[in-house]
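J.: Would you be able to build a 3D model of this:
(one chain, ligands or ions: 1)
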Amino acid sequence: MGSHRLPSAKNKSSVRPTKSLAVFDFQRSLNARQLKDFGERQHTGPPQSALACCELASLVVNLRLLVFLGNEIESGDARRLEAMVWNPPTSSPANGMDSRQHLELGRSGIPPHQGLDTNGDPARPVGSWAQRLQMTRVLGTVTKSEDQEQITDRISQDECPRAASGSPRLDLTSSEEFPSLTALTKADTLPRSFKKAAAGYRALSRSEITSPTPTWPGQQQHLPSSSVESYDRTTSSAPPCGENVGEQLLTIPVESTAPLPIRGRPVPKMSPVPFRLSRNPVLDRRVALPITTPASLQFTKKSFNVDSPSFTPAQLQSGSKKHTFSSQTANAAVFTPKGSTNSATPALAQDSESSFVTAAGVRDFTPQAQNYDLNTTSATNGVASDSSAGIYDAFTMATMGQALPTTQYNPYAEDHTSMAGVATPFYQAQGAYAAAIQPLQYHLYAPVGPHKADMHHPYQKQAYDFFLPNDIREDLQKKSAATRQVLPNSQLPDVSQYHSLVPLDTAKSSHTSIFGSSVCWVYKATSKKNGNVYCLRRLQGARVASKNSTNEPLAKWKRISNGNIVTVHEVFTSRDFNDTSLIFIHNYHPNSKTLAEHHISQRRFGQQQPPIQENVLWSYISQLCNALRTVHGEGLAARCIHPTKVIMTEKNRIRLSACMILDVLEYETSRPIAELQQEDLVDLGKLILILGLGTMTISPVQSALEQFQRTMYSPELKELVFWLVTPPYPEQPIQKTITELTPRITHHILDSFDSSLQAYDGINSNLHQELENGRIARLMLKLGVINERPDFDNELNWSETGERYSLKLFRDYVFHQVDSNGNPVLDLGHMLSCLNKLDAGIDEKVYLTSRDHQTSFIISYKELKKQVNNAFNELQKAGQTKSATSRAGY
Ligand SMILES: Nc1ncnc2c1ncn2[C@@H]1O[C@H](COP(=O)(O)OP(=O)(O)OP(=O)(O)O)[C@@H](O)[C@H]1O
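T.: The predicted model follows:
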């Protein structure tokens, strides 16, 4: 917390605590720089002024405070204490707002929406809290041991030996007197900052500890009780000494029993007053003790002024370091720590709660309730941060290195605490760089995919932008409707396993069919076997000589898988139409049209439609080339390259729809495959000719070619069509092949490939949006079953009580907002944003209030998400139980 700078040595006035908050001192005492400076002063020479004394006094008090804080943290109130430690008050609670709200809302005057974390605290370096918590616990453990009472007794009962100057002395380095403190300061694993603090601490005499204290009117340390709300965080200076600041506040006067000599001036005489400290709350199970400080214990600035004699450090007087017990203590009974039997680290060894502080090394702090939720920044690794390195540096990212978890992180898991088991691998390998894996914090609409250059600014986003583009949506919906279409009062029979036939060739063309004399009908049909919809093509009156004539071609065509060919599934004969029909089953592509329907039949009433663009023709050529390459490669021929048998399933996407049919019909009289393949290329040329000229009639071909030469198409296209259509002649008997065609159109194929990639990108981007919408839909379904539920589990107001009440208020907050005139606010962005945040369960807080403004909550989306899941699971369980019961009853 950079905002809490330590007082510099030059500025003595700033040493005085300006806040009555004990936490201020607590924080000061843990600041590494101050501790370092302080420790060095104690080692290198005498304290130059009362500054060091003041600091030490503060440390001593802090030691007490740490006990409280440590126990408070153990008692489970860590969150509020954390808030208190990290955020000394800077402003009064707002009028009308209770202290809890103040704690949540107004810390450090930072409004809740400015990037606060779980506790509403401003962002801070990860690890700092864990570091401080660790130190707190270490200190708390030590002071929970017998040393604490020993120190207390020594100071309060004035039993300390006195230095030559008359100053009482207390050696905290004595391993006999203060074994755990000594062990603590020797422990290797302690942060260096603490060790230095302890080093400075042990070298001081009692006079240094106690003398400056009376000069501080605000020296009383007001420890917060477990009820933080009752703590007046607005006080910038301490209440007067002796004033009872409330039952829940603990007043610990730190006072002197000896005058402080400053600058050789006499110190005003003061009657010695016992150093009153509360008992360890862990020992006596009291968290906060109301202690009233008598008025007689008050100190004024006069007691520490220019007239005070100057301080003479013990080191200078003695000349060398010596045992600081005075002769007065020679007769004192030998101190035996309570419960101590081991001379090495007796107290620590006996203290089960402090058993992790051993002489061999202080084990690092491991939080009791481990929080591995990566949404919170507080969960830093307490394992490796300071085990050997010493001072924790919050700005060193190395300590925050995260390695890839050995267990795969599941972003769909509701509860990530299960990762606790894999905590160690997750936080290991700090040396090598490893990409950090973090769960997605905000599941807001991800701007994936191609972005139009003319897109409006983010704040101009419209509802349209959140959903599928209208044309795509309309197309998909039409296709869906076409797939589900049924024919009312249909006279059409079921054909084998196919039922619900719907005719597709509603407009029969006048031109002759490519299938010769057989009349062709096309239906949409649903399979009884799997419920899928297929295209059923019926060749009325067609006959086959043998089973082989259907099975053999089918087996060959089933091997074909190509994006420009409609997949063949089945072929069989049927008498279901009361005749002999040959039935072909293909994949169904809803709302498709033949090229003839799309480009030629629409020219009605002599309308002159613009000619097909050349790039579209090249695209068709490329796609058919792709289809033919596959078909010819399998030793087959398409035999259906005709405007009526090439269907357009999407924009500019074409497929051969009637493959295999002629192979079955002409099975007995089949021609050589090379000839058929050659014919495919000729048919391709004729198709382009038909489309380019815009007429189905291109005979004679020669005149059509001449007509095509007069069009505005490029010579390259004209040349290709000519090459395709012209049959081999005696001077050039070499057959044309698909492998010969492909190199001629390579760059057009690449153009086509690029367009399909861009189309893919566009679809992918839309898919992302729909992914978000799908999540919101699920969340809304959950909220829908919870909100306003009349009764559940014998509770009439189930949805209005408990956790569900905040969900109701959230519903109002999202959907039922009104403006100052009571008019509804229909802010789609607000609704989407709130629902996404709820779905993500982020740490951001939201202020919910009832319609009558009598009830208000400040709650995080994370908690709300938990509540939604709890309530939904409750309903789900009940539903499952009931259905199981009802099933059992049958
Ligand atoms: N696999 C398919 N999936 C969906 N619709 C198809 C499929 N195959 C053909 N169709 C559609 O069925 C309709 C009839 O197709 P068909 O092949 O019979 O064309 P046509 O113009 O009627 O030809 P013909 O004059 O030879 O009967 C066309 O609208 C076509 O788009």
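
J.: so what are the domain limits for the protein?
T.: For the chain, automatic domain parsing gives the domain ranges 17-157+190-315, 370-435, 485-744, 768-889.

J.: rank those domains by pLDDT, which is bottom?
T.: Note on those: lowest mean pLDDT is at domain 17-157+190-315, with a mean of 39.

J.: Ile612 and His768: what is the separation?
T.: Per Cβ to Cβ, to the nearest Å, Ile612 is found 34 Å from His768. All C-beta spots, glycine's among them, are computed from the backbone N, C-alpha and C.

J.: More neighbours: which of the two?
T.: The residue with more neighbours, out of Ile612 and His768, is Ile612; 19 against 14, by other Cβ atoms under 10 Å.

J.: That one contacts His599, correct?
T.: Yes: at 6.0 Å, Ile612 counts as touching His599 under the criterion of Cβ atoms under 8 Å.

J.: Give me the common contacts of the two.
T.: Contact with both Ile612 and His599 is made by residues Leu691, Gly694, according to Cβ atoms under 8 Å, 6 or more residues apart in numbering.

J.: Check the spacing between Gln769 and Ile565 real quick.
T.: Distance, Gln769 to Ile565, using Cβ to Cβ: 31 Å.

J.: Arg629 too?
T.: Taking Cβ to Cβ, one finds Arg629 at 11 Å from Ile565.

J.: out of the two, which sits in the more crowded spot?
T.: Ile565 (25 against 16).

J.: what residues are up against the more buried one?
T.: With the criterion set at Cβ under 8 Å, 6+ apart, Ile565 makes contact with Ala627, Thr630, Val631, Ala638, Arg655, Leu656, Cys659.

J.: Quick check: Pro553 touching Tyr667?
T.: Yes: the pair Pro553 / Tyr667 is scored as a contact, 6.7 Å apart, by Cβ under 8 Å.

J.: for the ligand, what are the nearby residues on this protein?
T.: 504-505, 509, 513, 520, 522, 535, 566, 586-589, 592-594, 596-597, 644-645, 647, 657 (Cβ under 6 Å from any ligand atom).

J.: could you pull out the strands for the stretch 701-850 of the chain?
T.: Applying DSSP state E, counting those that start in this stretch to the stretch 701-850 of the chain gives strands spanning 845-849.

J.: can you count the residues close to Ser527?
T.: Ser527: 18 neighbours (other Cβ under 10 Å).

J.: From the ligand, how far off is it?
T.: According to Cβ to the nearest ligand atom, to the nearest Å, Ser527 and the ligand sit 14 Å apart.

J.: Which residues are in contact with that residue?
T.: Gln497, Tyr498, Val533, Tyr534.

J.: distance of it from Arg775?
T.: Applying Cβ to Cβ to Ser527 and Arg775 gives a distance of 33 Å.

J.: Now do the SS call for Ile688.
T.: Following DSSP: H, G, I helix; E, B strand; the rest coil, Ile688 is assigned to helix.

J.: Setting aside sequence-adjacent positions, which residue approaches it most closely?
T.: Among residues not flanking Ile688 along the chain, Val721 sits closest, at 5.1 Å (Cβ to Cβ, 6 or more residues apart in numbering).
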